[in-house]
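*Asks:* here is my input; please provide its structure:
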Amino acid sequence: MLIRLLRTHLRPHTALLVGVVVLQLISTMANLALPTLNARIIDDGVATGNIPLIWRIGGQMLVISLVQILCAVTAVWLGARAAMATGRDIRHSLFARVIGFSRQEVSSFGAPSLITRTTNDVQQVQMIVLMSALMIVMAPIMMVGGVVMALREDVGLSVVMVVAVPLLAVAIALLIQRMRPLFHRMQEMIDQLNRVVREQVAGIRVIRAFTREQHERDRFARTNAELTDISLRVGRLMALMWPLVTMIMNLASVAAMALGADRILAGHLQVGQLTAFLNYLTMILMSVMMASMMLFMAPRAEVSAGRILEVLDTESTVVPPARPVTDLPHGGRVEFDHATFSYPGAEAPVLRDISLVAEPGMTTAVIGATGSGKSTLVGLVPRLFDVSSGSVRLDGVDVTRIDQELLWSRIALVPQTSFLFTGTIASNLRLGRAEATDEELWEALRIADAEEFVRELADGLEAAVSQGGTNYSGGQRQRLAIARAIVKRPEVYVFDDSFSALDVATDARVRSALREVTHESTVLIVAQRVSTIMGADRIVVLDDGRVIGIGDHDELLATCPTYAEIVDSQLAGVR
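*Replies:* Model prediction:
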């Protein structure tokens, strides 16, 4: 999975990787040349007192060292750029995929998991790219070159390499085998910890209202303790690597010196050659260790790559049309034609055989019991979902055939949960229409009954909005969301229970003012309160996903018992 992910996202940065490979090759070759030159200084210079030779070879070593350092530093810089650019491209692909998901896919993955995959998982892949770029050339060349150069110094000491290198490789392989499942569990626990923290921060008022602080502390502590335990287990295994490598390197060095001393006494080896052999032995074992570090990181990066690909391979259930309609007549007529909708795997449809028409210049309201499918019904219009069968048409064209940008430009949706973005009131309102003037913003605020409280703010339209708009009350957020829809001036307004946080008097004022701008538009209103929809031109009553009544208020009181029950429960005696 890691190779598959990198094959797509690393290809644009091939030139950087080629540069890294060339520079690492030069750096490694320079590094391999230094021990041999050092041996010549000892054997041919120091031992014989040949000072000119020492200066000449020392100068050569200095130049080679400078080249080696320059190439190594440049390779790290290029490798970092390639890794960061790859991470950037993967995050871009993830965001582009997630932004195109329908509500169904977002709910399936969960927001905390999608955040973790876009941040922590991408970081793991970035790190493996960086380490690969720096070590994929260095480690094998250093290993092979070290073996060749060491054998050139003395073949008799090769027995030390034959024992030390496989011993180190086997020990590290055993550690990696134990770490792979732990890495997978660690990423899952990071998801879970993100989910717990997100729920607790978002629901802090509910937690306090029900005095569940201790319960939530315990829940966080359990999740945190489990993540800590897994991290410690991984850390213990990783901590074994350095002592293990150090021990094997030291034992190999001792063995090489012991054997080398005998060969020096026998006249088969010189001191400088033994020094060079020890340097090459260290290089060989270090190359094994670098390769092992790659193998240590690879399992976690592989897990992260799999989680990233899981998102990238998920197709949205709302698919853009292959040949989109890019030109629509202006009007705003919305028609549901035998529309049925089911969630994948659900036992029963949420909506069943819905047929109705919402005309321009009219307000069509939808009411029904909780779970009757009201929000799902209006969500079919902007394609938050797509019908399982039947169709939804805008101005005679199936919404699944309309270019998505064109479709969304004709519709303004005010959802149940009013969400504001970090910025200012003006920046949030201009999400409806970027070129809207300040006068148009104030007009939208007046219609949404939000002008008064915004004018009382010190900065007015430039007043700050915190993340999610939490520095405003629920009613203020809802009115700002309504104003944002008004700024857009669309052909179709969809109010999905978006008056619920308003008191009855404010609700009435807002709906009365809305008639100024919606008299030529199609208005769809989902509501729980009868008072909100009594004046609608047409009221649709839903029950268990079916339409059981259509008409105005008076007609439904006379013909629809379910509607009459709702009215009686909310407005006792009002007929």
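*Asks:* just give me the neighbour total for residue 537.
*Replies:* Counted with other C-beta atoms under 10 Å, residues neighbouring residue 537 total 13. From N, CA and C alone the C-beta is placed, and that goes for glycine too.
*Asks:* sorry, that was for residue 221
*Replies:* Using other C-beta under 10 Å: residue 221 sits among 11 other residues.
*Asks:* could you number the chain from 15 rather than 1 from now on?
*Replies:* Yep, numbering from 15; the last one is residue 235 now.
*Asks:* what average pLDDT does the helix or strand harbouring residue 251 get?
*Replies:* Secondary structure here is read from DSSP states H and E; on that basis residue 251 sits in helix 227-279. Averaging the model's pLDDT scores along helix 227-279 yields 85.
*Asks:* what's the angle from the very next helix or strand once past that helix to helix 227-279?
*Replies:* Toward the C-terminus, helix 227-279 is succeeded by helix 285-326 as the next helix or strand (DSSP H and E). Here helix 285-326 runs at 150 degrees with respect to helix 227-279, directions being taken by axes from the mean of the first three to the mean of the last three C-alpha atoms, to 10 degrees.
*Asks:* what packs against helix 285-326?
*Replies:* helix 16-23, helix 28-54, helix 65-113, helix 125-132, helix 134-149, helix 152-167, helix 172-216, helix 227-279 (3 or more C-beta pairs under 8 Å, 6 or more residues apart in numbering; DSSP states H and E).
*Asks:* quick test: name the residue nearest the centre of the chain.
*Replies:* With distances taken as C-alpha atoms, centre = their mean, the residue of the chain nearest its centroid is residue 132 (2.2 Å).
*Asks:* any figure for the gap between the closest residue to that residue other than its chain neighbours and residue 265?
*Replies:* Setting aside the residues directly before and after it, residue 132 is nearest to residue 108 in space (C-beta to C-beta, 6 or more residues apart in numbering), at 4.9 Å. Residue 108 sits 47 Å away from residue 265 when distances are taken as C-beta to C-beta, to the nearest Å.
*Asks:* between these two, which one's more packed in?
*Replies:* The neighbour comparison of residue 108 against residue 265 (other C-beta under 10 Å) goes to residue 108, with 19 against 14.
*Asks:* check the more buried one and give its pLDDT.
*Replies:* The score at residue 108 is 93. That number is its pLDDT.
*Asks:* now it: how far from residue 322?
*Replies:* When C-beta to C-beta is applied, the distance between residue 108 and residue 322 equals 7 Å.
*Asks:* circling back to that earlier point, tell me which of the helices and strands packed on helix 285-326 lies nearest to residue 574.
*Replies:* Evaluated with C-beta to C-beta, those place helix 172-216 nearest to residue 574, the distance being 38.1 Å.
*Asks:* give me the helices and strands touching the helix or strand that that closest one is followed by, please.
*Replies:* The helix or strand immediately downstream of helix 172-216 is helix 218-223, counting by DSSP H and E. In terms of contacts (3+ C-beta pairs under 8 Å, 6+ apart), helix 218-223 is packed against no helix or strand at all.
*Asks:* name the residues of helix 218-223 that are buried.
*Replies:* Of the residues in helix 218-223, those scored as buried under the neighbour-count criterion (16 or more other C-beta atoms under 10 Å) are residue 221.
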